[in-house]
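A.B. asks: Only the shape, not the letters, is given here:
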């Protein structure tokens, strides 16, 4: 019987989880699809409504095996780059032939992206419980140019910590961002999990 990793991820906190994701890579797509994973499609469809040029390059941060990139491609985005901390996950993403460029990096170093390199950055199912820590939000947002878009999600486990929503409210309240979209809906419905999805515009 295949091991289920979902519970391990959400119990894992925000420490370096590369070993866990390395072990999960081979069965990741199967497990999350079995649980009805729909957050990537929700984010991609929402983002499409605010992007006039679908050839703009997108950074899919925490691209994993490529499910988020596939969702972005399916709604018409043409130029997607992927970045992740797991070589095992990225090797599987490469097989999907979605990304123009794919890179693996050490999460304890700076994100290997130039400021203003991407007009759109996504972090779909990436920041939160068992994954990237909250400071990644600041790092990614700082890389955007003025009027750049940041599309991301927080699942129920993450929303249980008020600091995540407070982070969004801080950016809105201090005039650094405006919110274009926010909605609560299915994340992993067969695991009884939902998520908020957000699209922020940098001011």
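C.D. replies: Good, I have the coordinates. Just so it is clear, the structure is predicted and the values come from calculations on it, not from any experiment. Residues are numbered from 1 along each chain as shown.
A.B. asks: Helices of this structure, residue ranges please.
C.D. replies: For the chain, the helices defined by DSSP state H occupy 6-11, 18-34, 39-48, 67-74, 87-95, 135-143, 156-159, 162-173.
A.B. asks: list the buried ones in the last one?
C.D. replies: For helix 162-173, the neighbour count (16 or more other C-beta atoms under 10 Å) marks 164, 167, 168, 171 as buried. Heads up, the C-betas are built off the backbone N, CA and C, glycines and all.
A.B. asks: which among the residues you listed gets closest to residue 113?
C.D. replies: residue 171 (19.1 Å; C-beta to C-beta).
A.B. asks: OK, contacts around the closest one?
C.D. replies: 141, 177, 200 (C-beta atoms under 8 Å, 6 or more residues apart in numbering).
A.B. asks: By neighbour count, which of these wins?
C.D. replies: Across these, neighbour numbers were computed from other C-beta atoms under 10 Å; residue 200 holds the maximum, 23 neighbours.
A.B. asks: partner residues bridging that residue?
C.D. replies: Residue 200 has these beta-bridge partners by DSSP bridges: residue 150, residue 179.
A.B. asks: That one and residue 95: what is the separation?
C.D. replies: 32 Å (C-beta to C-beta, to the nearest Å).
A.B. asks: any idea of the mean pLDDT in stretch 32-52?
C.D. replies: On average, the pLDDT along stretch 32-52 is 91.
A.B. asks: Contacts only, for the closest residue to residue 42 other than its chain neighbours.
C.D. replies: Nearest non-adjacent residue to residue 42, counting by C-beta to C-beta, 6 or more residues apart in numbering: residue 197, 5.2 Å away. The contact partners of residue 197, by C-beta under 8 Å, 6+ apart, come to 39, 42, 43, 46, 151, 152, 153, 181, 182, 183, 185.
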